[in-house]
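S.K.: After the sequence you'll find the predicted model.
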Amino acid sequence: MEIRNVGFIGLGLMGKPMARNLLKAGYRVTVKSRGRGPVDEMIREGAKEGATPRAVAEASELVITMLPNSPQVEAVCLGEGGIIEAFEDPDAPTRHGTTTVVDMSTISPRVSQQIARRFQRVGVDFLEAPVSGGDVGAIAGTLSIMAGGPERAFERALPVLKALGKSVILVGDWGAGQTTKLANNIICAATIESVGEAFVLGAKAGIDPEKMFQAIRGGAAQCWSMDRKAPKWMNRDFKPGFMVKLHLKDMKLALEAARELGVALPVSEKTTAMLQQLQDEGCGDEDNGALVKVLEKLAGVEVRQV
């Protein structure tokens, strides 16, 4: 059965433009978020409000959560007034067919598996579908979506997910999507840090960073991190696309998963420490490109326009 009613819980930097794209795609969207402002904004654009996560589930054929971390996803899915109550309560109103829950947050793979098993016991399909692409991708509807869960849940959610992303891949069962996203963010942290090292070296040597940028980006070192971060560094623009505090959270989850699997991640350990330093220095709400500030401080130079 075609999905027309979609719930969306979590209207932050990523969630709000994602919910907006669902409205633009013609879905009837019911929203819930901690902040009043984003909810009112979505209502003005045609969404409805659910008073609780349970109420959102009761109004929807598919519910998406986009939240900061594992505890918030657990609370919204399984806590008091949570999504699961709509299916545990025998007196809950009838919903439009089978409801699927899709968590698009980045959380612990182990916690994601635990949530999935709880939903499985009440007959609800659960799919994890964390994303990459930052606020730019969320706004443009060009996110990369890494799904984990049963194929039936993936196939049911796929038309909705295609309204949010340009790449939607089922990589495995529960836990696989989250692990893939953590791997993605390991690469992102390492590349931002290495690009930062390169530009700090150039700045210390007195090279015009814009000319260095143009020279390097035509060769083998060209990458997404350099294209997106270096111009911002030159303009001293640290407005967040993906906040330091959230990347730090993801790196800690990656290290936790690595410990559970017995995998050494030495570069990730170092970049996590750098992100922690930024957080401790009050830069947690800045863009993760602020990693360059740690390197600049060590070198006594800034990467900025000449």
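M.R.: Noted; the coordinates are in hand. Since we're looking at a predicted model, the values are computed, not measured.
S.K.: tally of neighbours for Glu197?
M.R.: 15 (other C-beta atoms under 10 Å). Using the backbone N, CA and C atoms, a C-beta is placed for each residue, glycine as well.
S.K.: May I ask you to confirm that it is in contact with Leu298?
M.R.: No. Taking contacts as C-beta atoms under 8 Å, Glu197 lies outside contact range of Leu298: 9.9 Å.
S.K.: Quick one: the helices in the stretch 1-150 of the chain, in order.
M.R.: Ranges of helices in the stretch 1-150 of the chain, per DSSP state H, counting those that start in this stretch, are 15-24, 36-44, 53-58, 70-78, 85-88, 109-121, 134-140.
S.K.: want to throw the ones you listed into CSV with distance to Val292?
M.R.: Below are the helices of the stretch 1-150 of the chain laid out as CSV (distance: least, C-beta to C-beta, whole Å):
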stretch, distance to Val292
helix 15-24, 26
helix 36-44, 30
helix 53-58, 39
helix 70-78, 29
helix 85-88, 46
helix 109-121, 30
helix 134-140, 17
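S.K.: Of the ones you listed, which shows the lowest average pLDDT?
M.R.: Mean pLDDT is lowest for helix 85-88 among the helices of the stretch 1-150 of the chain, at a mean of 90.
S.K.: I'd like the secondary structure assignment at Ile192, please.
M.R.: Following DSSP: H, G, I helix; E, B strand; the rest coil, the label given to Ile192 is helix.
S.K.: List the contacts of it.
M.R.: Shown in contact with Ile192 (C-beta atoms under 8 Å, 6 or more residues apart in numbering): Ser225, Lys229, Asn288, Gly289, Leu291, Val292.
S.K.: Any idea how many residues pack against the fourth one?
M.R.: Right, Gly289. Counted with other C-beta under 10 Å, residues neighbouring Gly289 total 25.
S.K.: Also the third one?
M.R.: Applying other C-beta under 10 Å, we find 29 residues neighbouring Asn288.
S.K.: Can I get the helices of the stretch 1-150 of the chain in TSV including mean neighbour count and distance to Leu255?
M.R.: Shown next, in TSV, are those (neighbours: other C-beta atoms under 10 Å; distance: least, C-beta to C-beta, whole Å):
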stretch	mean neighbour count	distance to Leu255
helix 15-24	22	26
helix 36-44	14	31
helix 53-58	24	30
helix 70-78	20	14
helix 85-88	19	34
helix 109-121	18	13
helix 134-140	18	22
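S.K.: quick one: which of those helices is nearest Pro159?
M.R.: Comparing the helices of the stretch 1-150 of the chain against Pro159 with C-beta to C-beta, the closest turns out to be helix 15-24 (10.9 Å).
S.K.: mind listing the strands in this structure by residue range?
M.R.: Along the chain, counting by DSSP state E, strands occupy 5-9, 28-32, 48-49, 62-65, 100-103, 125-128, 131-132, 143-148, 165-172.
S.K.: how close does Pro266 get to Asn288?
M.R.: Counting by C-beta to C-beta, to the nearest Å, the gap from Pro266 to Asn288 is 20 Å.
S.K.: nope, Ile216 is what I was after
M.R.: Ile216 sits 20 Å away from Asn288, going by C-beta to C-beta.
S.K.: Also Glu193?
M.R.: Per C-beta to C-beta, Glu193 is found 10 Å from Asn288.
S.K.: again with Val56
M.R.: Separation of Val56 from Asn288 (C-beta to C-beta) stands at 30 Å.
S.K.: now do Ala264
M.R.: Distance of Ala264 to Asn288, given as C-beta to C-beta: 23 Å.
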